[in-house]
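Trainee: model the structure of this input:
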Amino acid sequence: MKTIIALKRLLAAAILTAGLLISPASAKSAEAESLPIAIDPRIQEFTLENGWKFIVLPRHETPVVSFYTWADVGSAQEVKGITGIAHLLEHLAFKGTQNIGTTDYEKEQPALAKVDEAYQALQREKAKGPQANPDALQKLTEDFRVAQEEAGKYVVQNEFGTAVELFGGRGLNASTSTDRTDYFFSLPSNSAELWFMLESDRFYQPVFREFYKERDVVTEERLMRVESSPLSFALEEFLSAAFKAHPYGEPVIGHMSDLRSLTPEKVMNFFRTQYVPASMTSAIVGDITLERARELAKTYFERIPAAPKPPRTESIEPPQNVDKKLTFHLQSQPVYLVAYHKPAKMHPDGAVYDAISSILSEGRSCRLYRSLVRDRQIALTAAGFSGYPGEKYPNLFLFYAMPAPGHTNEELAKALQEEIDKLINEPVSEAELNGVKNRAEASLLRALESNQGWASALGQYQGMTGDWRNLFKELGRIRAVTAEDIQRVAAQTFKTTNRTEGYVETLPAGKE
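Mentor: Prediction:
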């Protein structure tokens, strides 16, 4: 049993790394997509003159305020050559500003400039290839090391996080996906002003100190999570094959060559273009009034200059119209993957896809677990999920399964197809539909028990759909789903010409 659990965790971790499945935080937000009550009248909003939007929900039950910032910037805003830049910026956002993370910025600034000069000189010599002078390379490498060491003398490590902890803050973190980058933590209400100061400062005057060291951290992350993980490698290739044109086919963590070519100048240009106030939403929930939130927001955030919101990603994924199949022979447990293209989250059928996902994969009574794992015992795990690797643009409905010992990926492919055929040919029962709707409501109530759950849900719905009020409409959309809707959508979507399959097979012993 321990081995089976370990295999399941390995598969889940690899899929998360490849960006194919929503993260635990996103999963919680997906559960919070419905609201069984009317719009809470306490929720208010305001937008600063520079375009930064704020959503405020006063909840005075406990002296805590939770903050969530949605940056409408993810890997889908990247192009070839700078993949991974949004994820790197997430790391750099904790390195500080002109006021935070430095002992003396006036002295640190020229030291940072010397680091960049030394790096560029080293790169120019390396670009000569075989004609590069070995002695010059050695000297330039040493110059670069010394310059970084000198700049490092002004660094106050993790001052951003330390400030949050000293004032009683909790849950400081951030994440990057295809659709967004988000930042969040909570503070005692008597320290709420600290968030306004810190959050505004890192988007007003960020300093990318220790840039090359942090870039190395990200490249090492890619080496460990993707290039040293056969299953993660396969999942990245699978996603690339599924998308021909749209940047959803690119890895959130970026390609290694792109990461190694990123410079402070490239990253700052991307930051200044993408992380503008018009692309930002902050949700504030807890022991604070609208008036106080507005006052502090104007004081700290209005200093950030306004700029036009960048356009949405323009690449449109063409209809697939061909059955794609990939086979990988790797030092990995066997896994079967199959994905189908589907519309974006706010499509009229979005709730139907959520209902299909729930019927197939939510709970121990779901169809895939009951059929493939419990009854037939041909799989260690099996599931199907909507919305991969993102939801803002047309995306994938992904199925995955891991064969039990003595069984094969081909068996799983056949069994999964049988379950898909049932969706198409047989109406789901009223009991199953009621289960979907009851689980949606229960999941929402659990997700909105905390201030942070509220802040995340409001911020994500504003950022993803353009209006936080859609959070309150989602349960109605799910309740309106019928058995006929499920059959219709399943027949439209789960076609062989709209399919990408991946067979991860164990490499035979002695083979490389």
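
Trainee: just the strands in the stretch 151-300 of the chain please.
Mentor: 170-176, 181-188, 280-286 (DSSP state E, counting those that start in this stretch).

Trainee: for the first one, name the packing helices and strands.
Mentor: Packing partners of strand 170-176 (3 or more C-beta pairs under 8 Å, 6 or more residues apart in numbering; DSSP states H and E): helix 85-92, helix 159-166, strand 181-188. The way it works is simple: take the backbone N, C-alpha and C, and place the C-beta from them, glycine included.

Trainee: that strand pairs with which strands?
Mentor: strand 181-188 (antiparallel) (DSSP bridges).

Trainee: who touches the partner strand?
Mentor: 63-71, 73-74, 86, 89-90, 93, 164, 167-175, 194-195, 199, 286, 451-452, 455-456, 459-460 (C-beta atoms under 8 Å, 6 or more residues apart in numbering).

Trainee: for stretch 456-467, same thing?
Mentor: So stretch 456-467 is contacted by 25, 28-29, 32-33, 43, 53, 55, 57, 68-70, 72, 179-180, 182, 184, 281-283, 285, 345-346, 391-392, 447-448, 468-471 (C-beta under 8 Å, 6+ apart).

Trainee: in it, which residues are buried?
Mentor: 456, 457, 458, 459, 460, 461, 462, 463, 464, 465 (16 or more other C-beta atoms under 10 Å).

Trainee: so which of those belong to helices?
Mentor: Here DSSP state H is the test, and those give 456, 457, 458, 459, 460, 461, 462, 463, 464, 465 as lying in helices.

Trainee: residue nearest the centroid of this protein?
Mentor: residue 177 (2.2 Å; C-alpha atoms, centre = their mean).

Trainee: report the separation between that one and residue 392.
Mentor: 10 Å (C-beta to C-beta, to the nearest Å).

Trainee: name the helix or strand for the closest residue to residue 357 other than its chain neighbours, please.
Mentor: By the measure of C-beta to C-beta, 6 or more residues apart in numbering, the closest residue to residue 357 outside its immediate chain neighbours is residue 386, 4.5 Å from it. Per DSSP states H and E: residue 386 is located in strand 379-388.

Trainee: same for that strand, what does it pack against?
Mentor: By 3+ C-beta pairs under 8 Å, 6+ apart, strand 379-388 packs against helix 2-17, helix 350-361, helix 367-368, strand 395-403, helix 409-425.

Trainee: quick check, nearest of the ones in helices among the buried residues of stretch 456-467 to residue 241?
Mentor: Relative to residue 241, the closest of those is residue 464; by C-beta to C-beta it sits at 26.0 Å.

Trainee: show me which helix runs longest in this structure.
Mentor: Every helix in the chain considered (DSSP H), the longest is helix 105-126.

Trainee: now do it: which elements does it pack against?
Mentor: So helix 105-126, by 3+ C-beta pairs under 8 Å, 6+ apart, packs with helix 134-152, helix 211-222, helix 264-274.

Trainee: now do the second one, average pLDDT.
Mentor: In this model, helix 211-222 has an average pLDDT of 97.

Trainee: picking that back up, nearest to residue 420, of the helices and strands packed on helix 105-126?
Mentor: helix 211-222 (34.1 Å).

Trainee: how about that closest one: buried residues?
Mentor: Per 16+ other C-beta under 10 Å, helix 211-222 contains these buried residues: 211, 212, 214, 215, 218, 219, 221, 222.

Trainee: so that helix versus helix 85-92, what angle?
Mentor: Going by axes from the mean of the first three to the mean of the last three C-alpha atoms, to 10 degrees, helix 211-222 is angled at 120 degrees with respect to helix 85-92.

Trainee: good, we can wrap up now.
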